[in-house]
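*Asks:* build the 3D model from these lines:
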Amino acid sequence: MMRYLGLGKTLAEACGKGGLQYRHFSSASEKVGTKIGEYGIRGAFCAAGYVIGGITSSPVAKQTQEDGETAVKILQRLDEREAVLKAFLEKQE
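*Replies:* Below is the predicted model of the structure:
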C-alpha cells in the first residue's frame, strides 16, 4: 500500500477506509422498529381521544343548546312585554 505523505498511514486509512469496525446494525433496526411501534401506539391513542372528544362534545349539540337558551330568553321577554301591555290596556279602560 502507498504511504500518504510519510505520516505513517496508508492512503486507505487516511481517507477513512482503513480499520473498518464491526457495527451492530441489528440494534439500529430494532430501534427503528421500536420507534415505529411507539408512533403507532401514540397515534392510536390520539385518534381514540379525538373520537371520544368528538362524541362527547359535538359542536352541533352545543349550538342547539345555545339556540334553545336564546329561544327561552326571547319567550320570557315577550311574556314580560305582553304583561306590561295588558297592564297598560287595563289602565286605559
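*Asks:* which element follows the lowest-mean-pLDDT helix or strand in the chain toward the C-terminus?
*Replies:* Taking mean pLDDT, DSSP states H and E as the measure, the helices and strands of the chain show their lowest mean at helix 11-14, namely a mean of 56. Counting by DSSP states H and E, the next helix or strand C-terminal to helix 11-14 is helix 25-56.
*Asks:* what residues of that next one count as buried?
*Replies:* For helix 25-56, the neighbour count (16 or more other Cβ atoms under 10 Å) marks no residue as buried. Quick note: C-beta positions are derived from backbone N, CA and C, even for glycine.
*Asks:* what is the rounded mean pLDDT of that helix?
*Replies:* Confidence over helix 25-56 (mean pLDDT, whole number) is 79.
*Asks:* check which element follows that helix along the chain.
*Replies:* Moving toward the C-terminus from helix 25-56, the first helix or strand encountered (DSSP H and E) is helix 59-92.
*Asks:* how's the chain carved up into domains?
*Replies:* 21-57, 58-93 (automatic domain parsing).
*Asks:* using CSV, list the CA coordinates for stretch 33-49.
*Replies:* Output for stretch 33-49, consisting of C-alpha atoms alone and laid out as CSV, is shown next (Å, rounded to 0.1, in the frame of the first residue of the first chain):
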residue,chain,number,x,y,z
GLY,A,33,-38.9,-0.8,14.8
THR,A,34,-39.4,0.4,18.4
LYS,A,35,-39.9,4.0,17.2
ILE,A,36,-42.4,2.9,14.5
GLY,A,37,-44.3,0.9,17.2
GLU,A,38,-44.2,3.9,19.6
TYR,A,39,-45.5,6.3,17.0
GLY,A,40,-48.2,3.8,16.1
ILE,A,41,-49.4,3.4,19.7
ARG,A,42,-49.2,7.2,20.2
GLY,A,43,-51.2,7.8,17.0
ALA,A,44,-53.9,5.2,18.1
PHE,A,45,-54.4,6.9,21.5
CYS,A,46,-54.6,10.3,19.9
ALA,A,47,-57.2,9.1,17.4
ALA,A,48,-59.2,7.5,20.2
GLY,A,49,-59.1,10.7,22.2
